[in-house]
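>>> this is the structure alone, sequence omitted:
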């Protein structure tokens, strides 16, 4: 109920009392005795006094109501002004909120971009799978040897390693003593001789003609002659030695075809000048000649006990192809395929392999072989990268130290690590992974750098495949041998820039298969290639 309504009700009550007062006066004048009349008059006067008091209160209330109305009006005007100010402030606040949200989103974006750029800047061959050749301004590759400050060469107490003497091919040249020695009585011979050798090479060109009398058949008119030896087909033919020399220069030592041609011409004083087509065709000839030997290598690798495998990318006319390598440290096989993964591995010894596979973290390999060992060299590099990008965590350092300890223990115990030691190392491995889970629960990984979190998950899911070498000393803890062998193809790819066809890439792989297998078996590469061309 408002104040105005209360005043209106009070006014109506006063009017009712006044009417009742008049009615009572009329009745009192003719109906009541004197005593009652006086009493009634007193009551009436009392009521009149109350009415006057109420009238005064009513007037005061009316004045108060007017003041209240005026004040309410002023308050409403003030409230209207405040509403306008609130509306303006709300609009300004909304604008500032939108700007703040945009600024916050921009800050998050810049932080993410900064994290990505920082990761890219800090990524190198020491903390990732990025090769050292991919960094144009790379720092010097460190090693674990500490400088001793000694001069190069043999140290006191150690035998010097000098060039080996060869059997002389010419008569020795005796140097007579000078007259200053023979004429001086203070100089006398000791009976000893000092011999020094001069070793040099020379290029000999052997040219041999094969001559056969020609006959003709009177009936058919065909020309006949005695059969020439194998390989003597054209008017001018080149022997196996010069073919092997040109082939190795171009396919193994990565000399271009034109420079190979120029080198042979310069060595022979422009007598022998091979055509570029002849040099280019040597790869195809070599692949055909060694097909059976490569098939034998394929079979031997399929039945090996331990197989090391890796893959790299090949560029054929701008298209990405793959080169997959398999080796058991005695034989090596390069194969040029269209893809990596299962499609590529289906053409390699890995498809039917039943032994232990050593590889990088390529999940395709887990569908083949009976056991697996992942390359720990990659894991150590990834741990270094995680330490640099997540310095507030500690599990990376502990795991890096533990894996290095495991590797050193395996090197010292080549015949096998005791079971108690293996169990102790495995328990420590699990405890560090538990620590990693706790640290990531307290400090969730940044979405711009998930490498560390994914690495600890990988180490947990593939624990047996990372620690397989602890219980099998015949298995290496790294896949470095595959990577070293694949660099031979990468260097050739870099020299060739781009291959013209798939067959060209396969010819390079065929050449590397025979040559690198010969090197692993300590055979003379030039002799092996020469025999293939023979």
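Cool, the structure landed. Note that the structure is predicted; figures quoted are calculated from it, not measured.

>>> how far is the longest helix along the chain from where the chain is centred?
Secondary structure assigned by DSSP state H gives helix 34-122 as the longest helix of the chain. Centroid separation for helix 34-122 versus its chain: 65 Å, with CA atoms, centre = their mean, to the nearest Å.

>>> check stretch 453-462 too.
15 Å.

>>> what does it rub up against?
Stretch 453-462 is contacted by residues 361, 374, 379, 382-383, 386, 395, 399, 429, 433, 436-437, 440, 445, 466 when judged by CB atoms under 8 Å, 6 or more residues apart in numbering. The way it works is simple: take the backbone N, C-alpha and C, and place the C-beta from them, glycine included.

>>> go through these and flag which are in strands.
Judged by DSSP state E, those include residue 374 as members of strands.

>>> buried ones among the contacts of stretch 453-462?
Neighbour-count burial (16 or more other CB atoms under 10 Å) is assigned, among the contacts of stretch 453-462, to 361, 374, 379, 382-383, 386, 395, 399, 429, 433, 436, 440, 445, 466.

>>> before we move on, back to that, what is the nearest of the contacts of stretch 453-462 to residue 481?
Comparing the contacts of stretch 453-462 against residue 481 with CB to CB places residue 374 closest, at 14.6 Å.

>>> so what's the closest one up against?
Residues in contact with residue 374 (CB under 8 Å, 6+ apart) are 358-361, 462, 465-466.

>>> dump these to TSV, plus pLDDT.
Formatted as TSV, these follow (pLDDT from 0 to 100):
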residue	pLDDT
358	94
359	92
360	89
361	84
462	92
465	92
466	93
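
>>> show me what the helix or strand hosting residue 405 is packed against.
Using DSSP states H and E, residue 405 maps to helix 395-412. On a contact count with 3 or more CB pairs under 8 Å, 6 or more residues apart in numbering; DSSP states H and E, helix 395-412 meets helix 376-389, helix 419-442, helix 451-461, helix 468-471.

>>> go through those and name the closest to residue 265.
Counting by CB to CB, residue 265 lies closest to helix 376-389 out of these; the figure is 44.5 Å.

>>> and the angle from that closest one to helix 451-461?
Helix 376-389 runs at 140 degrees relative to helix 451-461, counting by axes from the mean of the first three to the mean of the last three CA atoms, to 10 degrees.

>>> quick one: helix 376-389 to helix 34-122, angle?
Interaxial angle of helix 376-389 relative to helix 34-122 (the same axes, to 10 degrees): 130 degrees.

>>> need the contact list for residue 482.
Here residue 482 is in contact with 308-310, 325, 327, 358-359 (CB under 8 Å, 6+ apart).

>>> is residue 486 located within a helix, as I assumed?
Yes. Checked against DSSP: H, G, I helix; E, B strand; the rest coil, residue 486 lies within a helix.

>>> quick one, phi psi at the residue nearest to residue 197 when sequence neighbours are not counted?
Using CB to CB, 6 or more residues apart in numbering and skipping residues adjacent in sequence, the residue nearest residue 197 is residue 165, 5.9 Å away. The phi/psi pair for residue 165 (degrees, to the nearest 10) reads phi -80, psi 150.

>>> coming back round to it: and the longest helix of the chain, what does it pack against?
Short answer (3+ CB pairs under 8 Å, 6+ apart): helix 34-122 packs on helix 3-31, helix 376-389.

>>> pLDDT weak spots in the stretch 351-500 of the chain?
Scanning the stretch 351-500 of the chain with the threshold set as pLDDT under 70 gives 497.

>>> do that again at 90, thanks
For the stretch 351-500 of the chain, applying pLDDT under 90 flags the ranges 360-363, 377-378, 381-382, 384-391, 413-416, 445-452, 483, 488, 490-500.

>>> all helices of the stretch 201-350 of the chain, in order?
Under the criterion DSSP state H, counting those that start in this stretch, helices of the stretch 201-350 of the chain are mapped to 240-251, 257-267, 276-289, 291-302, 341-345.

>>> most tightly surrounded among the ones you listed?
Sort the helices of the stretch 201-350 of the chain by mean neighbour count, taking mean count of other CB atoms under 10 Å, and helix 240-251 sits at the top with a mean of 20.

>>> for that one, give the mean pLDDT please.
Regarding helix 240-251, the rounded mean pLDDT is 91.

>>> go on, stretch 326-334?
For stretch 326-334, the mean pLDDT works out to 94.

>>> who's in contact with that stretch?
Contacts for stretch 326-334 (CB under 8 Å, 6+ apart): 294, 297-298, 300-301, 304-309, 323-325, 335, 348-350, 481-482, 485, 489, 508-510, 512-513, 516-517, 520-521.

>>> how about it: buried residues?
Of the residues in stretch 326-334, those buried (16+ other CB under 10 Å) are 326-328, 331-334.

>>> again, but for stretch 501-513
Across stretch 501-513, burial judged by 16+ other CB under 10 Å covers 502, 504-513.

>>> who touches stretch 170-177?
So stretch 170-177 is contacted by residue 195 (CB under 8 Å, 6+ apart).

>>> give me the distance between the two termini of it.
22 Å (CA to CA, to the nearest Å).
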